[in-house]
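Chemist: give me a 3D structure for the following:
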Amino acid sequence: HVGRGPQLVDADLLAALASGRIGDAVLDVTDPEPLPPEHAFWRHPHIQLTPHIASVTQPLSAAEVVLDNLRRFEAGEPMLGLVDRVRGY
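Modeler: Numbering: from 1, shown residues only. Here you go, the predicted model:
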């Protein structure tokens, strides 16, 4: 699911997973975002959450970011675009 969060009805997804109609789900967008720590999606064995990163990758700009982050890493500088797990996503 890479659409806007409100398009997904959480209870319907959980029911579809419980019934076997859907085997697994990968969610990149949630509502709210980030999900509260007690939300069922965090501990569901058949749901994977990604940190709202779905998009079409532009090769030139992506290569520039990778090279810049490599330079930053080697220089001991903070890298750009890191996932902040403390924020919950």
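Chemist: can you give me the end-to-end span of stretch 45-52?
Modeler: Counting by Cα to Cα, to the nearest Å, you get 20 Å between the two ends of stretch 45-52.
Chemist: what pLDDT, on average, does the top helix by length along the chain get?
Modeler: Using DSSP state H to define each element, the chain has its longest helix at helix 59-75. For helix 59-75, the mean pLDDT works out to 93.
Chemist: how far away is the closest residue to residue 77 other than its chain neighbours from residue 10?
Modeler: The spatial neighbour of residue 77 that comes closest, neighbours along the chain excluded (Cβ to Cβ, 6 or more residues apart in numbering), is residue 71 at 8.0 Å. In this view, the C-beta of every residue, glycine as well, is placed from N, C-alpha and C. Counting by Cβ to Cβ, to the nearest Å, the separation of residue 71 from residue 10 is 42 Å.
Chemist: right, I'll leave it there.
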